[in-house]
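Asker: just a sequence and a predicted model for now, questions to come.
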Amino acid sequence: MDLSRVTWRKSRRSGNGSNCVEVAVVGPAKADVGRLFLIRDSKDPEGAVLAFAPAEWGAFVSGIKSGEFDHLN
(Lines give C-alpha, C1' and ligand atoms only; values in the text may rest on other atoms or scores of the structure.)
Protein backbone atom coordinates (compact mmCIF):
# COMPACT_ATOMS: atom_id res chain seq x y z
CA MET A 1 0.00 0.00 0.00
CA ASP A 2 1.38 3.40 -0.98
CA LEU A 3 1.22 5.63 2.10
CA SER A 4 3.09 8.60 0.62
CA ARG A 5 -0.08 10.73 0.34
CA VAL A 6 -1.67 9.71 3.64
CA THR A 7 -2.40 12.50 6.12
CA TRP A 8 -1.24 11.40 9.56
CA ARG A 9 -2.58 12.99 12.75
CA LYS A 10 -1.58 12.83 16.39
CA SER A 11 -3.29 14.04 19.51
CA ARG A 12 -3.09 17.74 20.31
CA ARG A 13 -2.27 16.61 23.85
CA SER A 14 0.98 15.01 22.72
CA GLY A 15 2.78 18.36 22.48
CA ASN A 16 6.15 18.38 20.77
CA GLY A 17 7.28 15.06 22.18
CA SER A 18 8.17 12.18 19.92
CA ASN A 19 6.67 9.38 22.03
CA CYS A 20 3.35 9.39 20.23
CA VAL A 21 1.29 7.37 17.85
CA GLU A 22 -0.14 8.81 14.67
CA VAL A 23 -3.43 7.81 13.10
CA ALA A 24 -4.69 8.02 9.52
CA VAL A 25 -7.83 6.92 7.71
CA VAL A 26 -7.67 5.68 4.12
CA GLY A 27 -10.40 4.59 1.75
CA PRO A 28 -13.95 5.82 1.15
CA ALA A 29 -15.02 8.44 3.70
CA LYS A 30 -18.60 7.25 4.10
CA ALA A 31 -18.29 3.50 3.56
CA ASP A 32 -16.95 0.72 5.75
CA VAL A 33 -15.95 -1.44 2.78
CA GLY A 34 -12.39 -0.64 1.79
CA ARG A 35 -11.83 1.81 4.64
CA LEU A 36 -8.87 1.28 6.96
CA PHE A 37 -7.65 2.98 10.12
CA LEU A 38 -3.85 3.11 10.28
CA ILE A 39 -1.53 3.57 13.27
CA ARG A 40 2.23 4.18 13.33
CA ASP A 41 4.92 5.24 15.79
CA SER A 42 5.75 8.93 15.38
CA LYS A 43 9.41 8.22 16.19
CA ASP A 44 9.65 5.84 13.22
CA PRO A 45 7.42 7.14 10.41
CA GLU A 46 9.02 4.77 7.89
CA GLY A 47 8.51 1.77 10.19
CA ALA A 48 5.64 -0.64 10.63
CA VAL A 49 2.03 0.45 10.18
CA LEU A 50 -0.90 -1.34 11.82
CA ALA A 51 -4.15 -1.43 9.84
CA PHE A 52 -7.62 -1.97 11.31
CA ALA A 53 -11.00 -2.51 9.68
CA PRO A 54 -13.78 -0.15 10.87
CA ALA A 55 -15.30 -2.74 13.24
CA GLU A 56 -11.91 -3.47 14.82
CA TRP A 57 -11.16 0.24 15.22
CA GLY A 58 -14.59 0.83 16.76
CA ALA A 59 -14.04 -1.96 19.29
CA PHE A 60 -10.63 -0.52 20.19
CA VAL A 61 -11.97 3.01 20.69
CA SER A 62 -14.88 1.68 22.78
CA GLY A 63 -12.41 -0.23 24.93
CA ILE A 64 -10.36 2.92 25.53
CA LYS A 65 -13.45 4.93 26.47
CA SER A 66 -14.69 2.24 28.86
CA GLY A 67 -11.33 1.91 30.65
CA GLU A 68 -10.70 -1.61 29.39
CA PHE A 69 -6.97 -0.92 29.04
CA ASP A 70 -6.43 1.18 32.17
CA HIS A 71 -4.73 -1.67 33.99
CA LEU A 72 -1.89 -1.58 31.43
CA ASN A 73 -0.48 1.71 32.80
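Answerer: The structure has been received and is ready for your questions. Because the structure is a prediction, the values reported are computed rather than measured. Residues are numbered from 1 along each chain as shown.

Asker: can you give me the helices for the protein?
Answerer: For the chain, the helices defined by DSSP state H occupy 54-66.

Asker: mind checking how far Val6 is from Gly27?
Answerer: The gap separating Val6 from Gly27 is 11 Å, by C-beta to C-beta, to the nearest Å. In this view, the C-beta of every residue, glycine as well, is placed from N, C-alpha and C.

Asker: sorry, slip of the keys, the one I care about is Glu56.
Answerer: Distance, Glu56 to Gly27, by C-beta to C-beta: 14 Å.

Asker: overlap in contacts of these two?
Answerer: Between them, Glu56 and Gly27 share no contacting residue under C-beta atoms under 8 Å, 6 or more residues apart in numbering.

Asker: got any ranges where this protein has weak pLDDT?
Answerer: 15-18, 31 (pLDDT under 70).

Asker: nearest spatial neighbour of Ala53, skipping sequence neighbours?
Answerer: Leu36 (6.8 Å; C-beta to C-beta, 6 or more residues apart in numbering).

Asker: same thing with Pro54?
Answerer: Nearest non-adjacent residue to Pro54 (C-beta to C-beta, 6+ apart): Asp32, at 4.4 Å.

Asker: any idea how far Leu38 is from that neighbour?
Answerer: Distance of Asp32 to Leu38, computed by C-beta to C-beta: 15 Å.

Asker: with Ser66 instead?
Answerer: Distance from Ser66 to Leu38, by C-beta to C-beta: 23 Å.

Asker: more neighbours: which of these two?
Answerer: Neighbours per residue, other C-beta atoms under 10 Å: of Ser66 and Leu38, the larger number sits with Leu38, 18 against 9.

Asker: tell me how far the more buried one lies from Val21.
Answerer: Leu38 sits 10 Å away from Val21, going by C-beta to C-beta.

Asker: can you check Arg5 too?
Answerer: Distance from Arg5 to Val21, by C-beta to C-beta: 20 Å.

Asker: swap in Asn73?
Answerer: Distance from Asn73 to Val21, counting by C-beta to C-beta: 16 Å.

Asker: those two: who's more crowded?
Answerer: Counted by other C-beta under 10 Å, Asn73 and Val21 do not tie: Val21 has more neighbours, with 14 against 4.
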